[in-house]
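1. any chance you could fold what I've pasted below:
(2 chains)
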Amino acid sequence: MTAPALDYFELIKEAKRVAADRCPGKVRIAFLADCSTQYLVPLVKALFFRKGVFCEAYEAQFDAIAQEACSDDSALYRFKPEIVLIFNSTAALRRSYFAFEGAAPDFAEQSLKQIRAVWDAVKQRSSAMIFQTNFAAPYDRIFGNFELKADASFPAAVSRLNGLLAQAAKSEERVLINDIDHISSYLGRRRWFDEKLWLLSKTPCALDCLPYAAQSVVSMAQALTGPSVKCVVVDLDNTLWGGVIGDDGLEGIGLGELGDGKAYQAFQHYLLELKKRGILLAVCSRNDEGVARLPFREHPDMVLKEGDFSAFIANYENKAANIKAIQERLNIGLNAMLFIDDDYFERNLVRSTLPDVLVPEMPADPADYVKTLCELGLFEAAAFSQEDRRRADLYKDDARRENLKSSFANMDDYLKSLEMKASLGRFDSFHLPRIAQLLARSNQFNLTTRRRSLADCERFMNDQAKYRPFYITLKDKLGDNGLICAVILRRDGEDLEIDEWVMSCRVLLRGVEQFTMNAVFEIAKSVGAKRVTGCYRPTPKNGLVKDIYAKFSFDRLAESSEGETRWSLDVSRYEEKPVFIAQQAEVH
Amino acid sequence: MTREEITEKLQAVFHDVFEDESIRLRDDMTAKDVKHWDSLNHINIIIASEQKFGISLTTKEALNLKNIGEFITLLQSKIK
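-> Got it, this is the predicted structure:
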């Protein structure tokens, strides 16, 4: 599933439909606040419900934090909370500040004392965890920037108090800080503080910011039972580096100084930090394995190394099967896995075949990868132990070849659901540049690697008698892949020779190969050819297509000492292959 | 926007916030006349209306709203 929105009005509606009997999990949270919690509580309930947890809530009297905490037989303790959320607001703190009779610099210490007294009171009377909110920094600065240097300043007091709270919480096992300071700062203080709303209802922030505060509480509560994400599975091409390693090679992929390479490096740094805090990393890539490992071994700008991964799968199987294999190897739940891929096709494939795996939408710009993941709020920790630090080492990938299950039955359903449409046309001047580019850059799905130039292509385009060159564009209901295949057919007596066949690796295994071959034989029939012939010329990079003619039941005619093979198939013996791709327009 | 158009749009806000399509707004309607319209939902109506119409009520205006008719007049004065 993708991450649903934190929309205030949507969540209010969802809150009305929360039902205890539909939740496998339960939690009891008490809300103590010096501001109104009447809008926060339904949001917390709705967000818990999204995770299958029923939240029973106790709301203390307004602005009675100390009274309820310190009273032995208060309703608070009779409620038997598992979590006590203490929401101290900046607005209430400001009132205290201006009523404070001591010296301004002592205010922060005094406030901390009062807050600690509440912690102690709760700890004595209950075994609940305490979620203590810290303070949204105020936007009013009497001194402007000089506020930082002034002694008697409310903003300075807030900043100091937040620091003291963080420090105090370090030695308190049962206290976690609900970092409202971070959330309000992230969203923007000018948006966070809604003065009218405070005056009308004593709500601590704008309603459209409240879901973020609520999500924070829910994430913290869930983290108490263990991390929600235990493993991040990443694609390689255009996810960990720019470009496609199989086509662009070590020198061409975007890392370091090349293009937006630094954005990918930043993303790798982020993943490395996740690994250091105990989250496992795994690779799931559509690539030849040796080619996929190459940048890790030889590219100087790679941040992540092979040893950082607990599983490394690179092959041409479908990614859902690979992710399932990773899940079984690491022995964690599918719902503890996060899958990151720049390609919407792969994301949607995994979402439809493995709905428990979390698959976020990724932005088009890799520079925004880190921000996108941070906003998901998936990496909440309630503790950090030595065991966490070492977890990745316990699961080091041992480069075993996976014994993979064959493709899921649902793969066909998925392909059908995409409503793929392809259009096929003879080379034309409009498409020629892109065709030439595909011929020049494709290394993996490239049968003969003849590297026909733009001039050659133009010649084939114009020679109606001898050549039948065509291109294929592919789109589906989710997006447009553009021009992804080019085939050059040459008449040779009674034969139709496949002079060149290239295809973008991004669209492998969707049926384009079959669609293409069907088209080749249709053309062969239309020109009266008896046989279709072709050859495979091996290069270090095109092992992928070594046996493709065999897969289409061609007869192997010859094999040279260099491994070059020649193939043929009688037109009358070709059986059209079923595909889930509809043809749009045909132009010869 | 005409008064009728504003009434229609405001009615849609009520339908959405209360999840009740049967609500029909009249000028003399007050909170007492509508089932879910308590002080908690009053804030939701105000914020939702501000978002929907792209306008902003002052604190005083929000406190002094007496009935739907006055609300619509207020919205009319704010919508460009």
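
2. show me which residues of chain B are close to chain A?
-> Applying CB under 8 Å from any CB of the partner chain, we find that chain B lies next to chain A at B:16-17, B:19, B:39-40, B:43-44, B:46-48, B:57-59, B:62-63. (C-beta placed from N, C-alpha, C; glycine too.)

3. mind giving me the ChimeraX command for buried ones among these?
-> This is the ChimeraX syntax for the buried subset of these, where burial follows 16 or more other CB atoms under 10 Å in any protein chain shown:
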select /B:17,43,44,46,47,48,57,62
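
4. longest helix of chain A?
-> If you go by DSSP state H, chain A has its longest helix at helix A:107-125.

5. returning to that earlier point: report the two of the residues of chain B next to chain A separated the most.
-> Taking every pair in these and measuring CB to CB, the maximum separation is 28.5 Å, between B:Glu19 and B:Thr58.

6. now do the helices in the stretch 51-200 of chain A.
-> Applying DSSP state H, counting those that start in this stretch to the stretch 51-200 of chain A gives helices spanning A:65-70, A:75-78, A:90-99, A:107-125, A:154-170, A:180-187, A:189-192, A:195-201.

7. so which of these gets nearest A:Asn318?
-> Comparing the helices of the stretch 51-200 of chain A by CB to CB, helix A:180-187 comes nearest, at 37.3 Å.

8. kindly export the closest one (C-alpha atoms) in PDB.
-> Provided in PDB are the C-alpha atoms of helix A:180-187 (Å, rounded to 0.1, in the frame of the first residue of the first chain):
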ATOM      1  CA  ILE A 180       6.500  19.000  18.600                       C
ATOM      2  CA  ASP A 181       9.400  21.400  18.200                       C
ATOM      3  CA  HIS A 182      10.600  19.400  15.200                       C
ATOM      4  CA  ILE A 183       7.100  18.900  13.700                       C
ATOM      5  CA  SER A 184       6.100  22.600  14.000                       C
ATOM      6  CA  SER A 185       9.400  23.700  12.700                       C
ATOM      7  CA  TYR A 186       9.200  21.200   9.800                       C
ATOM      8  CA  LEU A 187       5.700  22.400   8.800                       C
END
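
9. that helix packs against which elements?
-> With contacts taken as 3 or more CB pairs under 8 Å, 6 or more residues apart in numbering or on different chains; DSSP states H and E, helix A:180-187 sits against helix A:210-223.

10. could you identify the longest strand within chain A?
-> As assigned by DSSP state E, the longest strand anywhere in chain A is strand A:479-492.

11. tell me the centre residue of chain B?
-> B:Leu10 (5.4 Å; CA atoms, centre = their mean).

12. does that residue touch B:Phe71 like I think?
-> Yes. Under the criterion of CB atoms under 8 Å, B:Leu10 makes contact with B:Phe71 at 7.1 Å.

13. relative to A:Val218, how far out is the nearest residue to A:Gly25 once chain neighbours are set aside?
-> Nearest non-adjacent residue to A:Gly25, counting by CB to CB, 6 or more residues apart in numbering or on different chains: A:Val53, 3.9 Å away. Applying CB to CB, to the nearest Å, the value for A:Val53 to A:Val218 is 8 Å.

14. neighbour count winner among those two?
-> Set A:Val53 next to A:Val218 and count neighbours by other CB atoms under 10 Å in any protein chain shown: A:Val218 wins out with 24 against 19.

15. against B:Ile47, how distant is the more buried one?
-> In terms of CB to CB, A:Val218 sits 22 Å off from B:Ile47.

16. same thing with A:Val233?
-> Distance, A:Val233 to B:Ile47, by CB to CB: 40 Å.

17. just give me the neighbour total for the nearest residue to A:Ser504 once chain neighbours are set aside.
-> Spatial nearest neighbour of A:Ser504, chain neighbours left out: A:Ile484 (4.1 Å); criterion: CB to CB, 6+ apart. A:Ile484: 24 surrounding residues under other CB under 10 Å.

18. so who does A:Ile484 touch?
-> A:Leu438, A:Ile472, A:Thr473, A:Leu474, A:Met503, A:Ser504, A:Arg506, A:Val507, A:Val512 (CB atoms under 8 Å, 6 or more residues apart in numbering or on different chains).

19. got the phi/psi numbers for residue 51?
-> Went with chain A since none was named. The phi/psi pair for A:Lys51 (degrees, to the nearest 10) reads phi -100, psi 10.

20. if I pick it, what's in contact with it?
-> By CB under 8 Å, 6+ apart, the neighbours of A:Lys51 are A:Gly25, A:Val218, A:Gln222.

21. same question for B:Glu50.
-> B:Ser56, B:Leu57.

22. how close does it sit to B:Leu74?
-> Relative to B:Leu74, and taking CB to CB, B:Glu50 is found at 11 Å.

23. shared neighbours, these two?
-> Common contacts of B:Glu50 and B:Leu74 (CB under 8 Å, 6+ apart): B:Leu57.

24. host element of the residue nearest to A:Cys535 when sequence neighbours are not counted?
-> Closest residue to A:Cys535 apart from its sequence neighbours, by CB to CB, 6+ apart: A:Arg566 at 4.7 Å. Following DSSP states H and E, one finds A:Arg566 within strand A:565-570.

25. what about B:Arg26, which SS state?
-> Assigned with DSSP: H, G, I helix; E, B strand; the rest coil, B:Arg26 falls in the coil class.

26. in contact with the nearest residue to it once chain neighbours are set aside: list those residues for me.
-> Leaving aside its chain neighbours, B:Arg26 sits nearest to B:Ile68 (6.5 Å; criterion: CB to CB, 6+ apart). Going by CB under 8 Å, 6+ apart, B:Ile68 touches B:Leu10, B:Leu25, B:Arg26, B:Asp27, B:Asp28, B:Met29, B:Thr30.

27. can you list those in a markdown table and add pLDDT?
-> Below are the contacts of B:Ile68 laid out as a markdown table (pLDDT from 0 to 100):
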| residue | pLDDT |
| --- | --- |
| B:Leu10 | 96 |
| B:Leu25 | 94 |
| B:Arg26 | 93 |
| B:Asp27 | 93 |
| B:Asp28 | 93 |
| B:Met29 | 92 |
| B:Thr30 | 92 |
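
28. PyMOL command for the buried members of these?
-> To isolate the buried members of the contacts of B:Ile68 in PyMOL, using 16+ other CB under 10 Å:
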select buried, chain B and resi 10+25+29
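
29. between the contacts of B:Ile68, which is nearest A:Cys35?
-> If you rank these by distance to A:Cys35 using CB to CB, B:Thr30 comes first, at 28.0 Å.

30. for that closest one, what are its contacts?
-> B:Lys66, B:Asn67, B:Ile68.

31. could you rerun that using 7 Å?
-> B:Thr30 is in contact with B:Lys66, B:Asn67, counting by CB atoms under 7 Å, 6 or more residues apart in numbering or on different chains.

32. how close does it get to B:Ile45?
-> B:Thr30 sits at a distance of 12 Å from B:Ile45 (criterion: CB to CB).
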